[in-house]
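Student: Okay, here's the prediction I keep looking at, along with the sequence it came from:
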Amino acid sequence: MSERDSLTRALSPLGALGRPVLGALAAVGRVTLFALNALWRALRPPFYPREYALAMLHVGWLSLPVVGLTALFTGGALALQIYSGGARFNAESVVPQIVAIGMVRELGPVLVGLMIAARVTSSIAAEIATMKVTEQIDALTTLSTDPMRYLVAPRVVSALVAVPLLVAVGDVIGIAGGYAVATGNLDFNPATYLNNTADFLQWRDVVSSLAKGCAFGGLAALMGCYFGMNSGRGAQGVGRATKGSVEAAAVLILAANFLLTGAFFSV
């Protein structure tokens, strides 16, 4: 065996390790360029008000029922869990404070983000991938209509605006769910519960919740658009794009939640 062959064999494990790392970095670069391209297109005319209105309706208003129900039951379950756990230490009175901070800081934004990933990201990816398969995107280009400006920018911008509003609504409904369970089943005084909730929350909690909603909404819409625009041909390509977009959006939302929590609440 020659010296060159020995060196190649010795370095092959490093090559096997480096290829997926380089592939991941290349994917991050492609997504970053795609996002910058979408935002740049959103800032320059021509604009398509109808597409923005439809995207806002789809991302925001039509997502409200599932977001509201998710937040309502989560707030109620959280109140029961905190009361049950606090009873072990004679700390049942902390239910209002923990429900408020748990919903506003963490559960509200994360659950809304994951619901948007499940509902909106999959829908966007499937819609755009189908348009690609049926050559509708090529038809837009033939008609001198920029697909990034017509399809991607409205969805991303609408998610950046609508999801923080959904998070705010989800936070309120989640706290209301905890209030309903605490006052209806756990014998809490309604006025005392509301006062403890209002006194414990700070503006930083609310700002962090809305900032997370903006980030999660942007990531969810971006993943749907990216996988849809880069889908393969045929029904399998549409299916893979839809599945990949939801997986990527969910993982990125959880990772972004960790980073934003550290940024807002690190001591």
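Tutor: That came through, no problem. Residues are numbered from 1 along each chain as shown.
Student: how about Val59, what does it touch?
Tutor: Contacts for Val59 (Cβ atoms under 8 Å, 6 or more residues apart in numbering) come out as Ile116, Val120, Arg155, Ser158, Ala159, Ala162, Val163, Gly217, Ala221. Using the backbone N, CA and C atoms, a C-beta is placed for each residue, glycine as well.
Student: Settle this for me: the first one is touching Ala159, isn't it.
Tutor: Yes: Ile116 lies in contact with Ala159 (Cβ atoms under 8 Å); the separation is 7.3 Å.
Student: residues near Ala221, how many?
Tutor: Close neighbours of Ala221, defined as other Cβ atoms under 10 Å, add up to 30.
Student: what's the stretch of helix or strand it belongs to packed up against?
Tutor: Ala221 belongs to helix 203-229 when assigned by DSSP states H and E. Packing partners of helix 203-229 (3 or more Cβ pairs under 8 Å, 6 or more residues apart in numbering; DSSP states H and E): helix 3-43, helix 108-116, helix 122-133, helix 153-185, helix 234-265.
Student: right, so these: which one is the most enclosed?
Tutor: helix 108-116 (a mean of 26; mean count of other Cβ atoms under 10 Å).
Student: Run the chain-centre distance for that one.
Tutor: Centroid displacement of helix 108-116 relative to its chain, using Cα atoms, centre = their mean, to the nearest Å, is 6 Å.
Student: Could you do stretch 165-181 as well?
Tutor: So, by Cα atoms, centre = their mean, the centroid of stretch 165-181 is 18 Å from its chain's centroid.
Student: returning to that earlier point: taking helix 234-265 as reference, get the angle to the helix holding Ala221.
Tutor: 160 degrees (axes from the mean of the first three to the mean of the last three Cα atoms, to 10 degrees).
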